[in-house]
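> predicted model, plus sequence, below.
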Amino acid sequence: MEALILILALLFLAFVGVGAYAAVKVVGAARRGVDQTIAQARRTVEDTALRAKSYGQPGAGGELAQLRLTLRTSMRATQDALHAGVAEDESLRETLGLFERLSVHGLELDAELRRLEREPDKTGLGRRLPGLRERTEQITHSADALRWAARDRARRFADDDLIALNAEIDVEAGALRHWTTSGEEGAGTASGERPGSSSASASASTAGARRRSAKDTGPGAASGTAAGPEAITGRDRDEPRRRYPWQKTGRPESTT
């Protein structure tokens with residue numbers, strides 16, 4: 001009895017532990033989903049604000065907003081492309097590591113551009129814009145190079161797979177059309193005919209012989225009239241003939 005109670009208690013604790021673990025996992029997944037949604041909404045709002053500043057705010061402030069928007073767009077596109085490609089191509093792990101190192105410089109530049117947006121000294125800000133523009137171009141150029149290289153690699157693999165698939169389909173199509181035997185092909189080639197022409201000629205000769213035989217042995221052969229339905233239907237001579245109502249009964253010959 002005590003053993004049964006102990007087993008039931010252990011089962012209850014196991015069920016409670018499994019339920020608590022599942023609840024924690026569900027809560028964690030829900031929290032991550034909410035965090036991702038909030039982050040996505042925040043990025044959308046920031047991008048919209050930067051786009052509005054780049055078009056509506058003249059001078060150094062508008063150019064800073066344009067630099068931030070260009071940097072964020074390029075880095076986000078490269079990150080999405082590499083994370084999507086590394087799941088299918090493990091060789092992109094090293095490329096992803098290089099991009100993470102590049103992301104450190106991108107985050108530093110984005111933070112500096114954000115601070116300079118609130119800079120009241122527009123004259124000093126104008127002197128620093130060429131250097132900021134050059135740094136932005138360097139980072140975005142490197143990010144674009146990684147992104148396009150990963151896409152070219154994926155497209156190259158897809159093209160190679162398509163070429164191999166087309167070759168296999170051509171071989172299979174040729175095998176499906178190979179309905180003649182090698183002996184018939186050799187005979188047709190030796191006589192100067194196409195493969196399969198000798199078999200076609202033999203079939204035509206056999207059909208002609210059967211038609212002539214049916215004509216000679218038909219009911220109209222002795223009387224000189226046309227052949228009957230047996231010649232039309234091509235029935236075998238050994239098969240009992242069917243008599244139709246329109247056929248005349250043959251008269252026996254006189255012995256006198």
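Here it is on my side, so go on.
> what about the chain, any weak spots by pLDDT?
For the chain, the stretches with pLDDT under 70 are 32, 34-36, 39-40, 180-256.
> now with 80?
1-4, 6, 8-9, 12, 15-16, 19-61, 121-123, 179-256 (pLDDT under 80).
> domains for it, by residue range?
1-56, 58-162 (automatic domain parsing).
> which one of these is the most hemmed in?
Ranked by mean neighbour count, the domains of the chain are led by domain 58-162 with a mean of 15 (mean count of other C-beta atoms under 10 Å). Backbone N, C-alpha and C define where each C-beta goes, glycine included.
> so can I have CSV of the domains of the chain showing distance to residue 170?
Formatted as CSV, these follow (distance: least, C-beta to C-beta, whole Å):
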stretch, distance to residue 170
domain 1-56, 47
domain 58-162, 13
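> I'd like to know which of these is closest to residue 175.
Nearest to residue 175, of all the domains of the chain, is domain 58-162, at 20.5 Å by C-beta to C-beta.
> got the end-to-end distance for that closest one?
51 Å (C-alpha to C-alpha, to the nearest Å).
> same thing with stretch 107-124?
So stretch 107-124: terminal residues 22 Å apart, C-alpha to C-alpha.
> residues in contact with it?
59-61, 64-65, 67-68, 71-72, 125, 128, 132, 135-136, 139 (C-beta atoms under 8 Å, 6 or more residues apart in numbering).
> which of these sits closest to residue 18?
residue 72 (43.3 Å).
> which element is the closest one on?
helix 60-86 (DSSP states H and E).
> which strands or helices does that helix pack on?
helix 2-56, helix 92-116, helix 122-177 (3 or more C-beta pairs under 8 Å, 6 or more residues apart in numbering; DSSP states H and E).
> what's the angle from the shortest one to helix 2-56?
Orientation check (axes from the mean of the first three to the mean of the last three C-alpha atoms, to 10 degrees): helix 92-116 against helix 2-56 gives 60 degrees.
> helix 60-86 and helix 92-116, what's the angle between them?
160 degrees.
> ok, now which ones touch residue 158?
Taking C-beta under 8 Å, 6+ apart, one finds nothing in contact with residue 158.
> quick one: it from residue 77, how far?
20 Å (C-beta to C-beta, to the nearest Å).
> again, but for residue 152
In terms of C-beta to C-beta, residue 152 sits 15 Å off from residue 77.
> cool, residue 91 as well?
Counting by C-beta to C-beta, the gap from residue 91 to residue 77 is 20 Å.
> cool, residue 57 as well?
Counting by C-beta to C-beta, the gap from residue 57 to residue 77 is 25 Å.
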